[in-house]
Each structure stands twice: as structure tokens, then as C-alpha cells.
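Participant: Sharing a model prediction with you, sequence too.
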Amino acid sequence: MSYIAVLGAGAWGSSLAKLLAEKEYDTVIWALEKEVADEINEKGINSVYLDGVSFPGTLKATSDLSEAVNKARYILNVVPTQHTRSVIEKALPYIEDSAVIINASKGIENGTHLTVSSIIKELTGHRIAVISGPSFAAEVTKRLPTAVTLATEDNSTALILQEIFNTDYFRVYTHNDILGVELGGALKNVMAVASGISDGLGLGNSARAALITRGLAEMSRLGASMGADPATFAGLSGLGDLVLTCSSPLSRNYTVGSQLGQGKTLKEIMEGRKSVAEGVATAKAAHDLALKQNVDMPIAEQVYRVLYEDKPAATAVSDLMTRSPKSEFSLPDA
């Protein structure tokens with residue numbers, strides 16, 4: 001029996017499991033690959049996804065999903081978005097009725113267009129929370145100052161989870177807009193691909209600043225059309241995460257975009273990658289949602305066309321810059 005089960009032993013899941021174990025919570029991490037779980041148990045490291053980091057000896061690992069979630073009070077989902085449904089379905093028979101499930105993955109499921117917490121809610125009906133914000137796993141493991149947003153359905157759960165995750169280097173703010181927090185975390189990955197493309201083409205700092213600003217406008221428009229609070233996108237899970245992932249080679253999505261801008265094909269970039277760049281799949285979901293919601297998202301559309309229609313990156317930029325002139329803000333009629 002473990003107090004907290006972390007599902008997903010990638011870099012982010014491993015860093016959060018390390019944080020929780022160091023706070024002396026009884027924590028187990030589930031890895032899809034048995035060799036990853038064995039290495040954590042036997043050597044206290046995860047050389048595949050978080051090389052150079054040592055885990056506390058109290059952190060347990062398993063490749064048995066039922067063992068991981070059995071009797072866990074809190075379950076932290078860090079499984080890549082497109083695989084969350086299948087993992088939760090397999091885990092469901094072993095999850096306690098009272099368990100709280102916290103999502104830390106950032107994406108939108110293709111086909112259903114559901115956020116990750118919506119997938120989990122649909123499958124389980126459990127109390128749900130979401131943790132998101134500008135945070136690189138490598139920096140959290142080094143205890144560098146980081147601030148994130150924790151969104152929940154009720155205040156009592158928020159305060160408990162805030163206490164569980166908060167440290168002197170990992171500051172947790174509470175919020176009640178689950179949808180907005182998740183959409184911010186998902187859509188910023190698409191904009192990070194765009195930013196990487198811009199830098200890969202050598203378009204400069206001004207172009208990147210414009211992409212970040214107009215990307216935020218697109219994220220806010222789509223979020224508002226789906227019922228999220230537009231103000232959420234000005235917070236850590238929106239603007240904060242957007243600035244981080246659009247500006248650093250530590251971002252997997254930015255790196256994919258940068259390589260596209262340098263002329264590589266998506267197939268070449270993705271071959272042999274162990275880690276998941278969520279923005280690639282989310283670009284398709286964002287494109288579909290924009291059409292469904294009748295929301296103008298020109299940057300997301302061009303990223304989609306580069307990724308899925310083999311549109312040259314330079315042509316995509318040209319098409320963005322030569323669109324008909326518009327007002328920056330939609331002002332009410334006088």
C-alpha cells in the first residue's frame with residue numbers, strides 16, 4: 001500500500017516522484033518498461049528518462065500497474081496524453097473508490113478532443129485535480145525555484161494537495177478553473193513548436209515575441225469558446241508555461257519545431273525519440289477544435305499544416321505574415 005502512486009516514469013513523472021518521496025510521502029512510481037522500474041529500485045536512478053539524477057531510497061518502482069495503484073490515496077497521472085485512456089482503463093479495477101486522481105500530463109486527446117482530466121473523469125468519476133505550469137523536470141530535480149498552478153473541483157481538496165506538493169523550491173498556487181489550466185498546458189506546446197520553427201529559420205527575437213503574444217491570444221480565444229476563464233491564460237499555466245516552452249531548448253516541443261525550421265522532416269525528428277513531444281499530437285486536436293468551435297487560430301493552423309501536410313516551414317511563416325491586416329483587440333462597438 002502506498003499513499004501516492006505516480007503513473008509514468010518519464011522525466012516529469014520521475015521528478016515529481018522524487019519531490020514527493022523526499023517529502024517523506026510513501027510513494028511508488030509505475031514504469032511501463034520493467035527495466036526502468038528495476039533500475040530505480042536497484043540503483044536509485046532512471047538513466048533512460050532522467051539521467052544524472054539520484055532518487056531517495058524510499059521511492060519504490062514497479063511495472064505492475066495493479067500493484068502501483070492498489071489502495072493508493074492519491075494517484076498522479078503523468079502518462080502521455082494519447083495513452084492515458086488505455087492506462088487508466090487497465091488500472092481502474094484496482095483503484096480505491098476514495099482515491100483522488102491528479103493529472104500532470106499536458107495534451108488533448110485526438111478524436112474525442114478531451115483534456116486529460118476529462119478522460120479520467122469520464123472513465124472513473126473520481127475527484128480530479130490538475131497540476132500545470134512553467135516547470136522543467138531537470139530544474140525541479142535540482143531544486144531550482146519553480147511555481148505552478150493546482151486546479152481542483154473543491155477547496156478542501158485544493159488545500160490538501162497544495163500541502164502535499166508545496167516545498168521551499170516548488171511553489172503551488174490553487175485555482176478552480178480546471179479546463180483553463182489544462183488547455184493552457186496543452187495549447188502552449190503547439191505554440192512552442194511554432195516558436196522553435198521561427199528560431200530554426202533564424203527569424204530573430206522579435207518574431208518569437210510576436211508568436212508568444214499572438215499565440216496567447218489564440219489560446220485564450222479557444223479557451224473562452226469552450227467555457228474556460230480567459231483570465232486563467234494570463235497565469236502560470238498559460239502565459240508562464242508559454243514563455244518557458246517557447247524560449248528554451250530544454251522544451252521538447254521547441255526542439256521539434258527548431259529542427260523542422262532547420263529542414264528536417266517530422267519522421268526524421270521523431271525516429272528514436274524516447275520522450276514524447278505532446279505538441280505534435282495536440283496540434284491536430286487544436287486544429288480540429290478550432291474548426292469545431294469556429295475560432296480563428298492561424299498559428300495553430302500553420303503548425304498543423306507543417307506537421308501533417310508537409311508544408312514548408314518558411315511558407316507557413318510567409319502565409320502568417322501576409323494575412324489581411326487586423327485589429328489587435330476585438331473592441332466593442334462604440
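Facilitator: The structure has been received and is ready for your questions. Residues are numbered from 1 along each chain as shown.
Participant: Could I get the full set of strands for this protein?
Facilitator: 4-7, 27-30, 45-46, 50-54, 60-62, 74-77, 100-103, 127-132, 146-152, 170-175 (DSSP state E).
Participant: Mean pLDDT and distance to D199 added to those strands, as TSV?
Facilitator: All C-beta spots, glycine's among them, are computed from the backbone N, C-alpha and C. Putting these into TSV (pLDDT from 0 to 100; distance: least, Cβ to Cβ, whole Å) gives the following:
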stretch	mean pLDDT	distance to D199
strand 4-7	98	33
strand 27-30	98	34
strand 45-46	98	29
strand 50-54	96	25
strand 60-62	98	37
strand 74-77	98	31
strand 100-103	98	30
strand 127-132	97	24
strand 146-152	98	24
strand 170-175	98	29
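Participant: now these as CSV including mean neighbour count and distance to L16?
Facilitator: Shown next, in CSV, are those (neighbours: other Cβ atoms under 10 Å; distance: least, Cβ to Cβ, whole Å):
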stretch, mean neighbour count, distance to L16
strand 4-7, 28, 6
strand 27-30, 28, 9
strand 45-46, 22, 12
strand 50-54, 15, 11
strand 60-62, 22, 14
strand 74-77, 25, 6
strand 100-103, 26, 9
strand 127-132, 24, 8
strand 146-152, 23, 10
strand 170-175, 18, 9
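Participant: Adding distance to Q259, write those out as TSV.
Facilitator: Formatted as TSV, the strands of the chain follow (distance: least, Cβ to Cβ, whole Å):
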stretch	distance to Q259
strand 4-7	29
strand 27-30	30
strand 45-46	25
strand 50-54	21
strand 60-62	32
strand 74-77	29
strand 100-103	28
strand 127-132	25
strand 146-152	27
strand 170-175	31
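Participant: S318: which of those is closest?
Facilitator: strand 127-132 (33.2 Å; Cβ to Cβ).
Participant: Spatially, and excluding backbone neighbours, which residue is closest to R127.
Facilitator: Leaving aside its sequence neighbours, R127 sits nearest to V100 (Cβ to Cβ, 6 or more residues apart in numbering; 4.7 Å).
Participant: Where is the longest helix in this protein?
Facilitator: helix 178-200 (DSSP state H).
Participant: which ones are touching the residue nearest to the spatial centre of the chain?
Facilitator: Residue closest to the mean C-alpha point of the chain, counted by Cα atoms, centre = their mean, is K106 at 2.3 Å. Neighbour list for K106: T81, V116, S132, E182, G185, A186, K188, N189, E278 [criterion: Cβ atoms under 8 Å, 6 or more residues apart in numbering].
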